[in-house]
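> A predicted structure for the sequence below; I have some questions about it.
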Amino acid sequence: MVIVIATLRFRRKAAHVMTTAKASPSRLVRLASATVLASLAVTASVGTAAAAPAYPIPTVTGSGLSGSSLQDMLLTDREASRALGVSLDEIATGSQLDSTRVSPARCAGAYTPGAAYDYADANPQDLAVKVVSDRDGTSVTEIVAELPTKKDALNHMAATADGWSDCQGQTVTASGKPWILGAPMVNDARTMVTLSQTFAGRGRGTCERAIATYRNIVIDVMTCSSAASGQGAAITQAIADKANSQPV
């Protein structure tokens, strides 16, 4: 059985951040095989479009791991602070998919983690969300979603990677604010996919989406700051390391 990588966000979360000023990873454990991720790397470069799912918001059944167990996989504000080298405070937790209206809707999953649009056919069993931020415009949205099987996580990841590729270069608007999506990138270890976002309005701002999976758990992250490159990947790596250190 192969494990892979994937995507997510929620109703009360830190928004994409715009700012006007400043601001040797370990191998991901039990994530996607090089063979599967090699195919995703090709998908990302070629830009295969994913089939658009229906948009009814999926029901999170709560039939798998307990919500508290999933929450335990997420980084605390102190752990996230260590990962990024800044001082962050927890501002929200939750267990809901994100139904924010995004234009175009097909790019909702590229814009935000936990997009209900992307999970319409994924049958999530449980979901945990945490948002941490500081006063200088750095925010981190962490999500872990339990899918029924490892194969389901793989399939969801593959569809997500295709969707990100299809939205490459697209200007996405949410709450009246435009963001330009970059190209999906696969890391050297072929265990993670990231996607950059740049604010297209007045002021400056960058965000980074990152996705991976641990067993049948999708790890879905977004970081925003004045220089977010590499931050989403760092948080995702830290979540995977934490999950691997916990008792089975």
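Right, received. Where do you want to start?

> residue 90 against residue 76, yeah?
Yes. If you go by C-beta atoms under 8 Å, residue 90 and residue 76 touch, sitting 7.3 Å apart. All C-beta atoms are positioned from the backbone trio N, CA, C, and that covers glycine.

> can you give the distance of the helix or strand hosting residue 197 from its chain's centre?
Per DSSP states H and E, residue 197 falls inside strand 193-199. Relative to the mean C-alpha coordinate of its chain, strand 193-199 is positioned 11 Å out (C-alpha atoms, centre = their mean, to the nearest Å).

> equivalent analysis for stretch 204-217, please.
3 Å.

> quick one: residues contacting residue 142.
74, 75, 80, 129, 130, 131, 132, 220, 221, 235, 239 (C-beta atoms under 8 Å, 6 or more residues apart in numbering).

> what about the last one, which helix or strand?
When you say that, I think you mean residue 239. When elements are assigned from DSSP H and E, residue 239 belongs to helix 231-245.

> then the fourth one?
Remark: residue 129 resides in strand 126-133, with elements defined by DSSP H and E.

> and after that strand, which helix or strand comes next?
Taking DSSP H and E, what comes next after strand 126-133 is strand 139-146.

> so that next one versus strand 126-133, what angle?
170 degrees (axes from the mean of the first three to the mean of the last three C-alpha atoms, to 10 degrees).

> mind giving me the packing neighbours of the longest helix along the chain?
Criterion DSSP state H: the longest helix present in the chain is helix 150-166. Judged by 3 or more C-beta pairs under 8 Å, 6 or more residues apart in numbering; DSSP states H and E, helix 150-166 is in contact with helix 34-46, helix 108-111, strand 193-199, strand 206-214, strand 217-225.

> how does it look with 10 Å?
helix 34-46, helix 108-111, strand 139-146, strand 193-199, strand 206-214, strand 217-225 (3 or more C-beta pairs under 10 Å, 6 or more residues apart in numbering; DSSP states H and E).

> these: which one's closest to residue 162?
Nearest of the helices and strands packed on helix 150-166 to residue 162, taken as C-beta to C-beta: helix 34-46 at 5.6 Å.

> what's the next secondary structure element after that closest one?
Scanning onward from helix 34-46 (DSSP H and E), the first element met is helix 67-73.
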